[in-house]
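Chemist: Predicted model and sequence follow; I will ask about them next.
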Amino acid sequence: MSYLPSAALVLVGLGLVTVFVVRLLRGAGRVRSAAGAARSAFGDRAGLLRARSAALRVAVAERVPSAKRDETGGQR
């Protein structure tokens, strides 16, 4: 009967480890979700920035005369 306190302690310890692991996994899921949302937002902003810089390049190219272009705007 001297093994009963040890067995009870082992069961309590396993219960505590289980609770800890479950909470840790839930927290990791929340972090993963927040990281995905942030990645998506940054990707959207980076795409908009690329589009704006491309539009700016086109606008500058239309205003600045280039030696490589003829009157129609095409390459020589």
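Modeler: That came through, no problem. Numbers count the residues shown, from 1 in each chain.

Chemist: In the chain, what residue spans correspond to helices?
Modeler: 3-63 (DSSP state H).

Chemist: residue closest to the middle of it?
Modeler: Centroid-nearest residue in the chain, with CA atoms, centre = their mean: Arg39, separated by 2.3 Å.

Chemist: OK, contacts around that one?
Modeler: With contact set as CB atoms under 8 Å, 6 or more residues apart in numbering, Arg39 has no partners. Where C-beta positions appear, they are placed from N, C-alpha and C, glycine not excepted.

Chemist: How far off centre is stretch 29-39?
Modeler: How far stretch 29-39 lies from its chain's middle: 7 Å, per CA atoms, centre = their mean, to the nearest Å.

Chemist: what does stretch 53-61 give?
Modeler: 29 Å.

Chemist: which outside residues touch it?
Modeler: Against stretch 53-61 from outside (CB under 8 Å, 6+ apart): no residues.

Chemist: Output it as CSV, nothing but the C-alphas.
Modeler: C-alpha atoms of stretch 53-61 as CSV (Å, rounded to 0.1, in the frame of the first residue of the first chain):
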residue,chain,number,x,y,z
SER,A,53,5.9,52.3,-57.9
ALA,A,54,5.2,50.7,-61.3
ALA,A,55,2.6,53.4,-62.0
LEU,A,56,5.1,56.1,-61.0
ARG,A,57,7.7,54.6,-63.4
VAL,A,58,5.2,54.6,-66.2
ALA,A,59,4.2,58.2,-65.5
VAL,A,60,7.9,59.3,-65.4
ALA,A,61,8.7,57.4,-68.5
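
Chemist: ok, back up a step: so how far is Ala28 from the residue nearest to the centre of the chain?
Modeler: For Arg39, the distance to Ala28 (CB to CB, to the nearest Å) stands at 16 Å.
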